[in-house]
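Q: I'll drop the sequence and a predicted model, then ask my questions.
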Amino acid sequence: MDGKLDEAPYREDAQVQRFFEYQLGRPETGIKTTAHVLTRGDTLYVAVTCFDRRMKDLKTTATKGDENIWEDDSVEIFLDPGHSHQSYYHVGLTAAKVRATWRYAAPPSAGGKTEVVMRPWQSAVVRLKDRWTAEFAFPLAEFGLKDPRFGMSITRNAPAHGKQMCWTALPSGSFHQPAAFADVYRSGATSIIREAQLGYLAAGENLARFLVAEQPGAAPVTVALTAPDGVEQKLAVVKRVGERGLTAWEAPYTLGAKLGTWQFTVRAGDVPLGRYEGDYEATFFTAFPAKAFHRAGVGDPLSARVRMFTPPGAPLKGFRLRVRCLRDGRTVKETEISPLPGSTFDARFGISDLATGTYDLEFALIGPTGDRLKRTISEFEILPPFDR
């Protein structure tokens, strides 16, 4: 193990070639990151290649593991034995070979405390002209990875570029989201599913795509989609030739307007290959202040910044924004914005004709089926004119 990644298993194994921008949930296109994940015998191997045209700008400030190594150019691995969504290991390795290992009994958002632990694992780092590589070797037993299924996440920190990337899309929050770790299934020497592409999880037609390493005699792949209300549907699956020598199983699907967590279950016959979850949310908030004061007769309209949080590229067709001004629970003015001009826009509402008093301004997002999905209410007051 030397970090060169020229051994036969790496040459034969397919790469994960898509990482996502942290908190933006869209594929990273600025700097490339690739990864190998495979098992051999009683060891889990993870190898990450961090391409960088600015190798001279690598940040390697940390000198020991109890420092904030994630502020340096580094790779972090999260391992959740059994994918319990609770306890997990967190290891880090910088481009300067500084290592750290932590354990969490629960994620920090649930009150989990950091515990520095000693676990035997090997690592190697190689720095080349246009990239650096980080190689990890984890004994399965030492990290509790005895079951064929466990959760894992891989992140890369590139401070010179002001970027953090993850191999799973995390549109918000921190990297410490074990519920969002990828499901990894071991079957024989390597995982069967090398990459899952769930589409945009937006209203309308979508396409889920699973890149699978075929095994001799394996049963055909089936995909089931479970809605937030627990209703499951079998998807029609088409087998195609995929990239990197893999087989692509494609499953078209339609979400409708049901918000919440949708779950894809992939099987080969009765054998589960993977379970993948994604959240379909079409929520929004406004930057309108909780208390705002305006003068009667002033012609400038109220302006609120509206942001739609939908997966990158998700269609906004069919959504509309209803804006209502209420006084004592009664509507005094109402307007509607349709179609929506984008995922971020300014909504303006004229108030020059309103009498003095206190009002509520309601923004409500209406879905394609006419359901009110989300709303927010802010209070404002119209004061007498300056000349009174």
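A: Arrived safely, thanks for sending.

Q: Only C-alpha atoms from now on, for both contacts and neighbour counts.
A: Noted.

Q: In which helix or strand does residue 49 reside?
A: strand 43-51 (DSSP states H and E).

Q: Can you list the neighbours in contact with whichever helix or strand comes after that strand?
A: Using DSSP H and E, the next helix or strand after strand 43-51 towards the C-terminus is strand 74-81. Contacts to strand 74-81, defined as Cα atoms under 8 Å, 6 or more residues apart in numbering, come from residues 48, 70, 86-95, 134, 143-147, 149-158, 178, 181.

Q: Drop anything exposed from those residues.
A: Buried by 16 or more other Cα atoms under 10 Å: 48, 70, 86-95, 134, 143, 145, 149-158, 178, 181, out of the contacts of strand 74-81.

Q: on that earlier part again, now the angle from the strand holding residue 49 to strand 74-81?
A: 150 degrees (axes from the mean of the first three to the mean of the last three Cα atoms, to 10 degrees).

Q: what about residue 353, distance to residue 384?
A: Residue 353 sits 12 Å away from residue 384, going by Cα to Cα, to the nearest Å.

Q: Repeat that for residue 16.
A: According to Cα to Cα, residue 16 stands 63 Å off from residue 384.

Q: can you check residue 42 too?
A: According to Cα to Cα, residue 42 and residue 384 sit 77 Å apart.

Q: Strands of the stretch 201-350 of the chain, start to end?
A: Taking DSSP state E, counting those that start in this stretch as the criterion, the stretch 201-350 of the chain carries its strands at 205-212, 221-226, 232-235, 238-241, 247-254, 260-268, 271-280, 283-286, 291-295, 302-309, 320-327, 330-337, 344-349.

Q: again with the stretch 51-200 of the chain
A: For the stretch 51-200 of the chain, the strands defined by DSSP E, counting those that start in this stretch occupy 74-81, 88-94, 99-104, 114-116, 122-127, 131-139, 149-158, 163-166, 182-187, 190-191, 193-197.

Q: Minimum distance to residue 8: which of those strands has it?
A: Of all these, strand 190-191 sits nearest to residue 8, with 13.5 Å by Cα to Cα.

Q: related to what we said a few turns ago, ok, of the strands of the stretch 51-200 of the chain, where does mean pLDDT dip lowest?
A: With a mean of 40, strand 190-191 has the lowest mean pLDDT of the strands of the stretch 51-200 of the chain.

Q: beta partners of residue 76?
A: Beta-bridge pairing for residue 76 (DSSP bridges): residue 92, residue 155.

Q: ok, and the closest non-adjacent residue to residue 206?
A: Spatial nearest neighbour of residue 206, excluding adjacent residues (Cα to Cα, 6 or more residues apart in numbering): residue 253 at 5.3 Å.

Q: nope, residue 197 is what I meant
A: Nearest non-adjacent residue to residue 197, counting by Cα to Cα, 6+ apart: residue 209, 4.9 Å away.

Q: go on, residue 70?
A: Residue 70 sits nearest to residue 157 (Cα to Cα, 6+ apart), 6.4 Å away.

Q: re earlier: now the strands of the stretch 51-200 of the chain as JSON lines including distance to residue 233?
A: Formatted as JSON lines, the strands of the stretch 51-200 of the chain follow (distance: least, Cα to Cα, whole Å):
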{"stretch": "strand 74-81", "distance to residue 233": "29"}
{"stretch": "strand 88-94", "distance to residue 233": "32"}
{"stretch": "strand 99-104", "distance to residue 233": "36"}
{"stretch": "strand 114-116", "distance to residue 233": "40"}
{"stretch": "strand 122-127", "distance to residue 233": "44"}
{"stretch": "strand 131-139", "distance to residue 233": "38"}
{"stretch": "strand 149-158", "distance to residue 233": "24"}
{"stretch": "strand 163-166", "distance to residue 233": "30"}
{"stretch": "strand 182-187", "distance to residue 233": "21"}
{"stretch": "strand 190-191", "distance to residue 233": "25"}
{"stretch": "strand 193-197", "distance to residue 233": "18"}
